[in-house]
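Q: turn this into a model:
(one chain, ligands or ions: 1)
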Amino acid sequence: MDQSESCQTPFLQQGIMAEKPKKYRVEVCFSPDEFDLYKQEYSTVVAIDVLRATTAICTAFHHGVDKIIPVSTVEEAMAYKASGYIAAAERNGKIVDGFEFGNSPFSYMGPEIKGKTIALTTTNGTRTINIAAKTHKVMVAALINLDAMIDYLTRNPCDVLLLASGWQGKFNLEDSICAGAITDALLKTGSYMSDEDSTIAAMFLYQKASVNYFGFLKASSHRRRLRNLNLNEDIKYCLTPNQTRVIPVYEDGALILLQE
Ligand code: MLT
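A: Sure, this is the predicted structure:
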């Protein structure tokens with residue numbers, strides 16, 4: 001067999017072009033306020049709020065919560081509380097007056113949440129989930145379930161938008177870094193492609209930050225905000241990857257545990 005023959009695939013030898021496998025799209029949107037610009041092209045949205053909403057949500061499922069109802073206003077959370085639910089409310093990093101639970105992941109580790117439904121409102125994270133859930137399948141990611149999310153999207157490829165919660169409509173570093181980590185891993189599988197500059201930027205940030213998330217985020221605005229509230233332990237926990245394999249998914253008005 002000469003050199004030219006040995007390089008031909010059997011299909012090409014028969015004159016049939018082999019079809020290229022479809023690549024799925026993975027992109028990063030830096031803020032729920034930009035969601036309308038992106039949303040048409042994806043079947044699935046992964047909502048990310050590393051500090052701290054999606055970390056707290058993953059922690060609650062890891063510790064046995066049954067459902068989390070993400071609500072956008074304090075009034076809605078109060079109404080759930082009045083009708084007997086466990087309700088949690090955070091604004092600007094603090095627990096809202098009248099609620100026992102806020103947004104610290106350490107509040108969601110005790111036996112009192114096991115098997116329960118919690119109504120939760122946070123400054124940005126629950127708003128992000130609710131905006132996306134109107135039109136899309138929504139899953140929840142943070143650094144603490146990073147590899148679980150990557151493995152799921154690798155096994156179940158789809159056109160996916162990684163939606164950072166940011167801060168009050170603005171860009172933030174920690175959610176973008178988490179989105180960059182997921183993108184970086186998915187592109188390496190060969191099943192995904194991307195072409196937005198936001199996605200490239202998120203990957204660059206992740207590649208710089210992944211050596212030491214805590215150090216890289218030292219000056220970030222929400223790390224500063226939480227440090228001023230003496231929440232350093234929360235920050236360390238939220239920035240420690242792969243503490244759980246849970247993936248929360250939105251179904252019929254509430255987040256539940258994804259069952260595969
Ligand atoms: C949010 O939803 O904005 C955050 O999770 C704020 C926080 O740190 O509690």
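Q: give me the nearest residue to T189, chain neighbours excluded.
A: Among residues not flanking T189 along the chain, T154 sits closest, at 5.1 Å (Cβ to Cβ, 6 or more residues apart in numbering). Glycine gets a C-beta too; all of them are placed from N, C-alpha and C.
Q: quick check: pLDDT value at the one you found.
A: According to the prediction, T154 has pLDDT 98.
Q: which helix or which strand is home to it?
A: helix 146-155 (DSSP states H and E).
Q: report the inter-axis angle for the helix or strand following that helix versus helix 146-155.
A: Using DSSP H and E, the helix or strand that follows helix 146-155 towards the C-terminus is strand 160-164. Interaxial angle, strand 160-164 versus helix 146-155 (axes from the mean of the first three to the mean of the last three Cα atoms, to 10 degrees): 160 degrees.
Q: can you tell me how far the nearest residue to H63 once chain neighbours are set aside is from the ligand?
A: Counting by Cβ to Cβ, 6+ apart, H63 lies nearest to M109, which is 5.0 Å off, once chain neighbours are set aside. Noted for M109: a distance of 16 Å to the ligand, by Cβ to the nearest ligand atom, to the nearest Å.
Q: go ahead and confirm M109 touches F61.
A: No. In this structure M109 lies outside contact range of F61 using Cβ atoms under 8 Å: 11.4 Å.
Q: which of those two has more neighbours?
A: F61 (23 against 14; other Cβ atoms under 10 Å).
Q: which ones are touching the nearest residue to Y42 once chain neighbours are set aside?
A: Counting by Cβ to Cβ, 6+ apart, Y42 lies nearest to L161, which is 4.2 Å off, once chain neighbours are set aside. Contacts here follow Cβ atoms under 8 Å, 6 or more residues apart in numbering; on that basis L161 touches 26-29, 38-39, 41-42, 44-46, 136.
Q: spell out for me the ChimeraX command that would select the buried members of these.
A: The ChimeraX command for the buried members of the contacts of L161 (criterion: 16 or more other Cβ atoms under 10 Å) is given here:
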select :26,27,28,29,38,39,42,44,45,46,136
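Q: now, the contacts of L161 that are in strands?
A: Among those, the members found in strands (DSSP state E) are 26-29, 44-46.
Q: quick check: buried residues in stretch 81-96?
A: Neighbour-count burial for stretch 81-96 [16+ other Cβ under 10 Å]: 81, 85-90, 93, 95-96.
Q: mean confidence for stretch 165-175?
A: 95.
Q: gap between that stretch and the chain center?
A: 12 Å (Cα atoms, centre = their mean, to the nearest Å).
Q: list the buried residues of that stretch.
A: For stretch 165-175, by 16+ other Cβ under 10 Å, it's 165-167, 172-175.
Q: check stretch 100-120 too.
A: 101-105, 107-108, 113, 117-120.
Q: hmm, which two among those residues are most spread apart?
A: Maximum pairwise distance among the buried residues of stretch 100-120 (Cβ to Cβ): 19.1 Å, between S104 and T117.
Q: show me where this protein has strands.
A: Using DSSP E, strands in the chain cover 24-29, 44-48, 67-70, 86-91, 94-95, 117-121, 137-141, 160-164, 192-193, 248-251, 254-257.
Q: now for those strands, which one comes closest to L231?
A: strand 94-95 (9.7 Å).
Q: residues contacting that closest one, please?
A: Under Cβ under 8 Å, 6+ apart, the answer for strand 94-95 is 89, 101-103, 229.
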